[in-house]
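Novice: need a 3D model of the following:
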Amino acid sequence: NHLDIPEAFFLNHLEGSNDGKTAELRSDASEITFKVKIDGQRLSQGWEDFAVAHDLRIGDVVVFRHEGELVFHVTALGPSCCEIQYGEDKDDEEELCDTEKFLRKKKSPKTETEADSSSDQSCFVTTVTASNLKRDTVVMLLPLY
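Specialist: Residues are numbered from 1 along each chain as shown. Model prediction:
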């Protein structure tokens, strides 16, 4: 699976300094900095780990704020553009043992000035699609002799 980087953002911020390199994705939802390979104009290896850890679903909106070099702060919003808030699942604590599980809880929507980043050239916004979440695979049918 992969996530395409919008062409205008790519040309203005990343072109020529990124191919085969690794971006760092940070978020308020996790203390982990995710290492994600940049393959051409897309985020590839490591993107699935980030998407799973942040429970991204089809229709979620994801805002990438470029913090310089190949570092991005990522904010996940639900389909209604409310920020997804993550917390431990207290009800299943006994069942989980040492495994941490996140719940998707919604915060109230941000005001228009807080949420509007269209004039900020150091951000890009994308909507999660099925192809962002599924594995890229090639199936080869081989003749049986």
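
Novice: need the next SSE after the longest helix that the chain contains, C-terminal direction.
Specialist: Taking DSSP state H as the criterion, the chain has its longest helix at helix 47-53. For helix 47-53, the following helix or strand on the C-terminal side (DSSP states H and E) is strand 61-66.

Novice: quick one: strands adjacent to that next one?
Specialist: According to DSSP bridges, strand 61-66 has the following sheet partners: strand 71-77 (antiparallel), strand 123-127 (antiparallel).

Novice: out of those strands, which is closest to residue 12?
Specialist: With C-beta to C-beta as the criterion, residue 12 lies closest to strand 123-127 of the strands paired with strand 61-66, at 9.8 Å. Quick note: C-beta positions are derived from backbone N, CA and C, even for glycine.

Novice: so which bits of that closest one are buried?
Specialist: Residues of strand 123-127 classed as buried under the neighbour-count rule (16 or more other C-beta atoms under 10 Å) are 123-126.

Novice: returning to what we had before: lowest average pLDDT across the strands paired with strand 61-66?
Specialist: Note on the strands paired with strand 61-66: strand 123-127 shows the lowest mean pLDDT, a mean of 80.

Novice: so how far is residue 12 from residue 33?
Specialist: Computed as C-beta to C-beta, to the nearest Å, the residue 33 to residue 12 distance reads 24 Å.

Novice: an error on my part: the question was meant for residue 54.
Specialist: From residue 54 over to residue 12 (counting by C-beta to C-beta), the distance is 26 Å.

Novice: residue 33 and residue 12: who's more crowded?
Specialist: More neighbours surround residue 12 than the other of residue 33 and residue 12, with 13 against 10 (other C-beta atoms under 10 Å).

Novice: make CSV out of the strands paired with strand 61-66 and add distance to residue 43.
Specialist: Formatted as CSV, the strands paired with strand 61-66 follow (distance: least, C-beta to C-beta, whole Å):
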stretch, distance to residue 43
strand 71-77, 9
strand 123-127, 10
